[in-house]
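Q: Build me a model from this:
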Amino acid sequence: MMSSRGASAMLSRASRIKQKLQSALEATALDIEDVSYKHAGHAAVKSDATETHFNVKIVSQKFEGQNLVKRHRMVYDLLAEELQSGLHALSIVAKTPQEVAGR
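A: This is a model prediction of the structure:
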């Protein structure tokens with residue numbers, strides 16, 4: 001039997017990010033884009049590293065009443081394990097459903 005950690009290691013980083021954010025933030029919209037290819041050769045990225053840079057767009061009611069810094073902190077906290085295991089950079093757009101609807 002494989003441990004849950006072993007099973008999650010088999011998923012792509014994008015899949016793990018999506019799973020963690022969707023589950024914890026109950027996102028109504030979630031878009032994760034792997035832009036690692038744009039950073040190949042970047043000084044802080046090992047030459048064989050993959051899945052290091054992501055753009056994340058997330059819409060969640062849980063952002064209601066939270067300022068931008070707190071919203072980003074929520075995302076970073078949920079992805080702490082990924083950040084410790086090779087995730088190098090995130091670009092985050094975090095909105096509430098009301099903000100997306102223009103209300």
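Q: For the rest of this, base every contact and every neighbour count on C-alpha atoms.
A: Fine.
Q: Please enumerate the helices of this protein.
A: Along the chain, counting by DSSP state H, helices occupy 4-10, 13-25, 68-78, 80-84, 97-101.
Q: In a markdown table: these, plus distance to S91.
A: What follows is the helices of the chain, written out as a markdown table (distance: least, CA to CA, whole Å):
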| stretch | distance to S91 |
| --- | --- |
| helix 4-10 | 23 |
| helix 13-25 | 13 |
| helix 68-78 | 9 |
| helix 80-84 | 13 |
| helix 97-101 | 18 |
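Q: Quickly, which of these bottoms out on average pLDDT?
A: Sorting those by mean pLDDT places helix 4-10 lowest, at a mean of 53.
Q: for K18, what are its contacts?
A: Each residue near K18 by CA atoms under 8 Å, 6 or more residues apart in numbering is listed here: 30, 32.
Q: 7 Å instead, please
A: The neighbourhood of K18, defined by CA atoms under 7 Å, 6 or more residues apart in numbering, contains no residues.
Q: pretty sure E33 contacts N55?
A: Yes: in terms of CA atoms under 7 Å, E33 counts as a neighbour of N55; the distance is 5.1 Å.
Q: where does E99 sit relative to S60, distance-wise?
A: Computed as CA to CA, to the nearest Å, the E99 to S60 distance reads 10 Å.
Q: Please say which of those two ends up with more neighbours.
A: S60 (21 against 11; other CA atoms under 10 Å).
Q: Nearest residue to K62 in space, please, no chain neighbours.
A: Distances taken as CA to CA, 6 or more residues apart in numbering place L25 nearest to K62, at 6.2 Å, with adjacent residues excluded.
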